[in-house]
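> only the shape, not the letters, is given here:
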């Protein structure tokens, strides 16, 4: 699915990355705990989160996350936006809560970047 | 996998404790250095994750730290040496879920007691030593094909 379709499904506002909406995404990971994102999220996935500080962008950059979806109507700080622009990481903001965001994307074919965590201490 | 003496990269970076906005700058640097060296992206990702979690720890708890990055054929070494309070009980600190993080750290999306576990799990070899009142020394090795 293209990022532009993600935008339409979530009625999202594109805060950063208007020029890269033809990016293809297939998987997603949702969490507010960045250590969990670092432990489990896979490169090329969407990151669904309610956290809006610069560490979300740093985490996405470290993992080669395709794009960040901010849920629950959260708006990023100006520092977060500036860093996302610098590191070329798209940010979309949706008013849907995390549960709704996940459900709407899942119905259209986006799946989790891993189905379950079998062994928390053998995560890679 | 054979490690030879030929050095592909050697460099050091500083981290300032308490500077939450700067957390992640060093790992972003390390990531781009390794990419430029042509290291495979899954290895670059591992190195970026371990250095990022270590940075978060330094910013959260220590006064300052130096990060040494050394790349040799077959292996990436990352060393983080901080000046700080140290860790009284390393076994406890290594336990998933154990944390002494304050609200500020938690607001950043960290402090759930996973940092050191993530570092260990993404390293092929991991060593930690710490002296209370002096600081903590992390040594991570990641093998490259």
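Nice, I can see it. Every value quoted in this text rests on a predicted model; they were computed, and no experiment measured them.

> ok, now which ones touch residue A:11?
Neighbouring residues of residue A:11 by C-beta atoms under 8 Å, 6 or more residues apart in numbering or on different chains: A:94-96. Heads up, the C-betas are built off the backbone N, CA and C, glycines and all.

> please say whether there is contact between the helix or strand of chain A with the lowest mean pLDDT and chain B.
Of all helical and strand segments in chain A, the minimum by mean pLDDT, DSSP states H and E falls on helix A:34-40, at a mean of 94. Yes. Applying C-beta under 8 Å from any C-beta of the partner chain, one finds helix A:34-40 in contact with chain B at A:34-39.

> quick one: pLDDT of residue A:118?
The model reports residue A:118 with a pLDDT of 81.

> that older thread, could you say what helices and strands the least confident helix or strand of chain A packs with?
For helix A:34-40, the packing partners by 3 or more C-beta pairs under 8 Å, 6 or more residues apart in numbering or on different chains; DSSP states H and E come out as helix A:54-63, helix B:41-61, helix B:115-122.

> how about those in a markdown table, adding mean pLDDT?
Output for those, formatted as a markdown table (pLDDT from 0 to 100):
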| stretch | mean pLDDT |
| --- | --- |
| helix A:54-63 | 96 |
| helix B:41-61 | 96 |
| helix B:115-122 | 95 |
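
> can you list the ones you listed in CSV and add mean neighbour count and distance to residue A:2?
Output for the helices and strands packed on helix A:34-40, formatted as CSV (neighbours: other C-beta atoms under 10 Å in any protein chain shown; distance: least, C-beta to C-beta, whole Å):
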stretch, mean neighbour count, distance to residue A:2
helix A:54-63, 26, 19
helix B:41-61, 25, 22
helix B:115-122, 22, 31
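
> residue B:103: which of these is closest?
Proximity to residue B:103 (C-beta to C-beta) singles out helix B:41-61 among the helices and strands packed on helix A:34-40, at 11.5 Å.

> number of nearby residues for residue 98?
Picking chain A for this. Neighbour count for residue A:98, taken as other C-beta atoms under 10 Å in any protein chain shown: 17.

> you answered for a different chain; I wanted chain B.
15.

> circling back to that earlier point, figure out which of the helices and strands packed on helix A:34-40 is closest to residue B:12.
helix B:41-61 (12.5 Å).

> and that closest one, how far out from the chain middle?
5 Å (C-alpha atoms, centre = their mean, to the nearest Å).

> any part of the helix or strand bottoming out on mean pLDDT in chain B near chain A?
Within chain B, no helix or strand scores below helix B:103-107, which has a mean of 91 by mean pLDDT, DSSP H and E. Yes. Helix B:103-107 lies within reach of chain A by C-beta under 8 Å from any C-beta, at residue B:107.

> need the contact partners of that helix.
Residues outside helix B:103-107 that contact it (C-beta under 8 Å, 6+ apart): A:53, B:20, B:56, B:60, B:111-112.

> around chain A, pick out the residues from chain B.
So chain B meets chain A at B:21, B:23-24, B:27-28, B:31, B:41, B:45-46, B:48-49, B:52-53, B:56, B:96, B:107-110, B:112, B:114-115, B:117-118, B:121-122 (C-beta under 8 Å from any C-beta).

> go with 6 Å
B:24, B:27-28, B:48-49, B:52, B:108-110, B:112, B:114, B:118, B:121-122 (C-beta under 6 Å from any C-beta of the partner chain).

> among these, which pair sits farthest apart?
The widest separation within the residues of chain B next to chain A (C-beta to C-beta) is 22.4 Å, between B:28 and B:112.

> show me which of the contacts of helix B:103-107 is closest to residue B:72.
Using C-beta to C-beta, residue B:56 is the member of these that lies nearest residue B:72, at 26.5 Å.
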